[in-house]
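Colleague: based on what follows, work out the 3D shape:
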Amino acid sequence: MTRIEAVIFDFDGTLAELHLDFGEMRAAIADLLIQYNLPSHEFEHFYLLEMIEAGEKRLADSAAKSGEAFRRDAMACIEQMEIQAAGRSNLFAGVKEMLKEIRNQSVLTGIITRNCHRAVQTVFPDYGNYVDGLISREMTQHVKPDPGHLTEILSLLNIPAQRCLMVGDHPIDVQIGKELGTYTAAVLTGTGKHEDLRHARPDFLLHNVLEIRQVIPLIRPSY
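Modeller: Now for the predicted structure:
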């Protein structure tokens, strides 16, 4: 029976070292909210990008230009921090060889990331030689945890979700895969805690992404 036809990877913490300080990034955006006269504590429950979006919407309710200015300042702030972190990062050892091996098995590969494209390029400038598609946050209107992020790359690769394996280091990577009906694998090399990842119930819980090579032959879709 035919094995899976595509493996989609998260980037930071999955394929590459994670040097982003999310606490520092959230603090910077909280300070910016205060500068725009918004109570930062009201946005604490959001993920970082969603925190920015919520602040923009709140400001736009009274003045559209204020909302646009806040978003521009906020995105410039986090992009600068992302690129600085990328300058200290590297792909995990063996990732390029793994990606090449997967493609040699006629399995497509892709990357979806909440990070900016410039940061990915800093760490992995020749990614086009190793993956069949990449969608960073500025390339989509549906950034994960919106499953539309994964939907878009599956459409780009022309692969049905049921023949895809989604791999990431955070429960949201497992979540979006399950929502669309992909196989899922979580790796313990990023921000996701073992207990949180286990609770997300991925099909495979792995120490690192290189173990994907052993997982692929185990997956046999039923149609």
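Colleague: make it CA atoms for all contacts and neighbour counts henceforth
Modeller: OK.
Colleague: domain-wise, how is this structure divided?
Modeller: Listed domain ranges for the chain are 6-17+90-218, 22-86 (source: automatic domain parsing).
Colleague: out of the ones you listed, deepest packed?
Modeller: domain 6-17+90-218 (a mean of 19; mean count of other CA atoms under 10 Å).
Colleague: quick one: average pLDDT of that domain?
Modeller: Taken as a whole, domain 6-17+90-218 has a mean pLDDT of 96.
Colleague: now it, how far from the chain's geometric center?
Modeller: In terms of CA atoms, centre = their mean, to the nearest Å, the centre of domain 6-17+90-218 is found 7 Å from the chain centre.
Colleague: could you do stretch 50-69 as well?
Modeller: With CA atoms, centre = their mean, you get 24 Å for stretch 50-69.
Colleague: end to end on it, go ahead and measure it.
Modeller: 16 Å (CA to CA, to the nearest Å).
Colleague: do stretch 199-215 as well
Modeller: Where stretch 199-215 begins and where it ends lie 20 Å apart, using CA to CA.
Colleague: what lies in contact with it?
Modeller: Residues outside stretch 199-215 that contact it (CA atoms under 8 Å, 6 or more residues apart in numbering) are 14-15, 94-95, 98, 102, 167, 171, 174-175, 183-189, 197-198.
Colleague: inside strands: which ones of those?
Modeller: The members of the contacts of stretch 199-215 that map onto strands under DSSP state E are V167, Y183, T184, A185, A186, V187.
Colleague: how near is P39 to A30?
Modeller: 8 Å.
Colleague: if you could redo that for V7, that was the one I meant.
Modeller: 36 Å.
Colleague: swap in D12?
Modeller: From D12 across to A30, the span is 23 Å (CA to CA).
Colleague: can you check E138 too?
Modeller: Distance from E138 to A30, by CA to CA: 22 Å.
Colleague: same check on D21?
Modeller: 14 Å.
Colleague: over to G55?
Modeller: Distance from G55 to A30, by CA to CA: 10 Å.
Colleague: can you check I102 too?
Modeller: For I102 relative to A30 (CA to CA), the value is 42 Å.
Colleague: can you check L150 too?
Modeller: 29 Å.
Colleague: could you do Y36 as well?
Modeller: Following CA to CA, the distance that separates Y36 from A30 is 10 Å.
Colleague: same thing with P125?
Modeller: 32 Å.
Colleague: secondary structure element for the most far-flung residue of the chain relative to its centre, which one?
Modeller: Residue farthest from the centre of the chain, counting by CA atoms, centre = their mean, is S62 at 32.4 Å. Under DSSP states H and E, no helix or strand contains S62.
Colleague: check A30 too.
Modeller: helix 22-35.
Colleague: what's the average pLDDT for that helix?
Modeller: 94.
Colleague: what about the helix ranked longest in the chain, average pLDDT?
Modeller: Ranked by residue count, the top helix of the chain under DSSP state H comes out as helix 64-86. For helix 64-86, the mean pLDDT works out to 94.
Colleague: and it, how far from the chain's centre?
Modeller: 18 Å.
Colleague: for it, which helices and strands make contact with it?
Modeller: Packed against helix 64-86 by the contact rule (3 or more CA pairs under 8 Å, 6 or more residues apart in numbering; DSSP states H and E) you find helix 22-35, helix 48-60, helix 117-123.
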